[in-house]
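Peer 1: Show me how the following folds:
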Amino acid sequence: MHTILGIRKRGKVVTAAAALFVLLLVGSSLVLVPAGCSGVVTSCGAVDGRVLSEGLHWKLPMVQNVVNMDNHILRLELPFTSACADYQMVCGTVSMSYRIRPERSAFVYQTFGKSVENTLVLPSVPAGIKATTARYSAEELLSRLESISEKIKQEIHQELQPYGLSVEALYITELRLVDGPSSHQNTASQAAQQACAEADYYRYKRQEEQNSKLQSEPSDAPTGQTDEDIQQY
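Peer 2: Below is the predicted model:
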């Protein structure tokens, strides 16, 4: 009787262990890709090019892994300073929205990892702004803000598109001429310093002239015997 009970207990333990193993195997074989993301499949650490859509998917446990890439529209705002065609400087702020295209998520992850914004996007924005503003005068930039924003968007989009990113929108939220108070102040300071130096020079010259005049005039003090002293002898 005890032997039968022992066999039954061992059978239950084995069954429970097998069920747990199956559950773990199934759990490690399933992967969930969240909404707004795409799953990049890696096999033994290497990107195999497959991209999973949102939802639940199967994968090989301990062999395959899935990296979720965010395909939401991302927004960044950057200050900038750029030169115009008429050699004036403008500064302002640009707001840009971009996203990683889902079908290119595997390439983006393989090329840039998850640091695509710091590695690619942030350097491309000021480069696109400078390339665009260099074709227009300051007056044109200030009077055609909307069309200039579209030109900058196209410039940056052409730079990012081959890498799997698309620029959804771009707006110049602030734009103004870089005033030249610093250069004017430097010029005024130099002029003031030059005037002070000239004043010191002329003051020194006048002092020298006065000293030379004093030395050339005869002294009123007696330098020898007078006529009365000679007559006494």
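Peer 1: switch to C-alpha atoms for all contacts and neighbour counts from now on
Peer 2: Will do.
Peer 1: Can you report how many residues neighbour Leu141?
Peer 2: By the measure other C-alpha atoms under 10 Å, the count of residues near Leu141 is 22.
Peer 1: So what's the predicted local confidence for it?
Peer 2: Note on Leu141: pLDDT of 93.
Peer 1: what helix or strand is it on?
Peer 2: helix 138-143 (DSSP states H and E).
Peer 1: Buried residues in that helix, which are they?
Peer 2: 138, 141-142 (16 or more other C-alpha atoms under 10 Å).
Peer 1: Next: stretch 117-135.
Peer 2: 121, 124-126, 128-134.
Peer 1: Serialize the buried residues of helix 138-143 to CSV and add fields for distance to Gln154.
Peer 2: Formatted as CSV, the buried residues of helix 138-143 follow (distance: C-alpha to C-alpha, whole Å):
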residue, distance to Gln154
Ala138, 20
Leu141, 16
Leu142, 19
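Peer 1: out of these, which one sits closest to Gln64?
Peer 2: Leu141 (51.9 Å; C-alpha to C-alpha).
Peer 1: Chain neighbours aside, what residue packs nearest to Ala35?
Peer 2: Glu54 (5.5 Å; C-alpha to C-alpha, 6 or more residues apart in numbering).
Peer 1: cool, and Arg50?
Peer 2: Closest to Arg50 by C-alpha to C-alpha, 6+ apart is Val41, at 5.6 Å.
Peer 1: can you check Arg75 too?
Peer 2: Using C-alpha to C-alpha, 6+ apart, the nearest residue to Arg75 is Ser97, at 4.3 Å.
Peer 1: The residue nearest to Arg50: what's it in contact with?
Peer 2: For Val41, the contacting residues are 47-52, 64-67, 106, by C-alpha atoms under 8 Å, 6 or more residues apart in numbering.
Peer 1: ok, so what distance separates it from Ile100?
Peer 2: 16 Å (C-alpha to C-alpha, to the nearest Å).
Peer 1: swap in Gly36?
Peer 2: In this view, Gly36 and Ile100 are 11 Å apart by C-alpha to C-alpha.
Peer 1: more neighbours, the two?
Peer 2: Applying other C-alpha under 10 Å to Gly36 and Ile100 shows that Ile100 carries more neighbours, namely 24 against 14.
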